[in-house]
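*Asks:* Mind folding the following:
(one chain, ligands or ions: 1)
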Amino acid sequence: MLYRCRNCTHEEARGVLPTASCGMLLFAQMGLVIGMLIPAIRYLRTLAGESLGTNASVAVDMGWWVLLVVPLSAVVVIAATIFGTLALNTLLELLEWVAYSFRRCPKCGRRCWAWGFTRGFGL
Ligand SMILES: [Zn+2]
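*Replies:* Reported below is the predicted structural model:
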């Protein structure tokens, strides 16, 4: 990502995250989040099955409630995917910022780097 010194506005490209907004990285992060959500959803289904006193491998017949539950759960899963992707991206940006924010600016010598940013769009 690109980092700007808040004292002298000197800019540098540092770290492993791309300097342009990257859709492929976003989809990779989204896939990672979905891969983490699936076991969590299975665990929640197991808990729901135990609370209903049924075996989790047996589908629970919800009747017409399925018309309400399926769209609602789809919205919740999409929201969880978006929130999880943003959280994962912010975590990676935080790790990179922490790794590079303690070095001195080559122009003014101060350690006051702003949060990393991107410029433009890439693949
Ligand atoms: Zn500086």
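*Asks:* what ranges do the strands span in this structure?
*Replies:* 2-4, 11-13, 21-22, 121-122 (DSSP state E).
*Asks:* mind listing what the most centrally placed residue in the chain touches?
*Replies:* Closest residue to the average C-alpha location of the chain: Thr85 at 2.3 Å, with CA atoms, centre = their mean. Applying CB atoms under 8 Å, 6 or more residues apart in numbering, we find Thr85 in contact with Leu26, Gln29, Met30, Val33. (Each C-beta comes from the backbone N, C-alpha and C, glycine too.)
*Asks:* Please identify the deepest-packed of the strands of the chain.
*Replies:* Mean neighbour count, computed with mean count of other CB atoms under 10 Å, is highest for strand 2-4 among the strands of the chain, reaching a mean of 19.
*Asks:* so what does that one touch, helix or strand wise?
*Replies:* strand 11-13 (3 or more CB pairs under 8 Å, 6 or more residues apart in numbering; DSSP states H and E).
*Asks:* does any part of the strand it packs on sit near the ion?
*Replies:* No - contact of strand 11-13 with the ion (CB under 5 Å from the ion) is absent, the minimum separation being 9.6 Å.
*Asks:* tell me which residues in stretch 95-111 are buried?
*Replies:* Across stretch 95-111, burial judged by 16 or more other CB atoms under 10 Å covers Glu96, Trp97, Ser101, Cys105.
*Asks:* Which one among those residues sits at the bottom for pLDDT?
*Replies:* Ranked by pLDDT, the buried residues of stretch 95-111 bottom out at Ser101, which has 91.
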